[in-house]
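[1] predicted model, plus sequence, below.
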Amino acid sequence: MPAQKHQKNHCPQCRDNPRPGQRTCHACHNAYNRAWRLLHPWSAMPLEQRRRANARSYAHVYLKRGKLTRQPCQVCGSPHSQMHHEDYSKPLVVTWLCLKHHLERHEK
């Protein structure tokens, strides 16, 4: 008979009740994120990398909300497609490409 994992029922930092399905409580999670952000400032990221990250994030939010719908690959019609931005200043203008064609587009 396999040993059962012991489920922790308190936050390891403050002994408070954790969030459902998480190890830590809200307060400790928020404190950790605030400290992490100080060590990893957004402004330290190069401008072009920041523009790309913003465009991807913006498009993924619209995809999650259903305002942008996943399309098949525009080259081969594969249903397993990814978003490709030709112009990062237009985050909602995406081309849908499968992995193979997406990598080919970036090689050019």
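    Happy to help now that I have it.
[2] thought Leu63 was touching Ser81?
    No - Leu63 is not in contact with Ser81 according to CB atoms under 8 Å; the separation is 11.4 Å. Every C-beta, even on glycine, is put in place using the N, C-alpha and C of the backbone.
[3] which SS state does Thr95 fall under?
    Taken by DSSP: H, G, I helix; E, B strand; the rest coil, the conformation at Thr95 corresponds to strand.
[4] contacts only, for it.
    Gln74, Met83, His84, His85, Glu86, Arg105 (CB atoms under 8 Å, 6 or more residues apart in numbering).
[5] distance of Lys90 relative to Cys14?
    Applying CB to CB, to the nearest Å, the value for Lys90 to Cys14 is 45 Å.
[6] same check on Leu39?
    Looking at Leu39 against Cys14, where the rule is CB to CB, the gap reads 21 Å.
[7] now swap in Glu107 and tell me
    Spatial separation of Glu107 from Cys14 under the definition CB to CB is 50 Å.
[8] the two - which one has more neighbours?
    Taking neighbours as other CB atoms under 10 Å, Glu107 and Cys14 compare with Cys14 leading, 13 against 6.
[9] excluding chain neighbours, what is closest to Leu63?
    In space, Leu63 comes closest to Arg70 once its chain neighbours are excluded; the distance is 6.9 Å by CB to CB, 6 or more residues apart in numbering.
[10] could you report the pLDDT at that neighbour?
    Looking at Arg70, its pLDDT stands at 95.
[11] same question, Asn30
    For Asn30, pLDDT reads 91.
[12] what is the burial count for it?
    Neighbourhood size, Asn30 [other CB under 10 Å]: 11.
[13] now it: how far from Arg37?
    Between Asn30 and Arg37 the distance, using CB to CB, works out to 11 Å.
[14] now do stretch 32-49: distance to the chain's middle.
    Once both centres are worked out by CA atoms, centre = their mean, to the nearest Å, stretch 32-49 turns out to sit 15 Å from its chain's centre.
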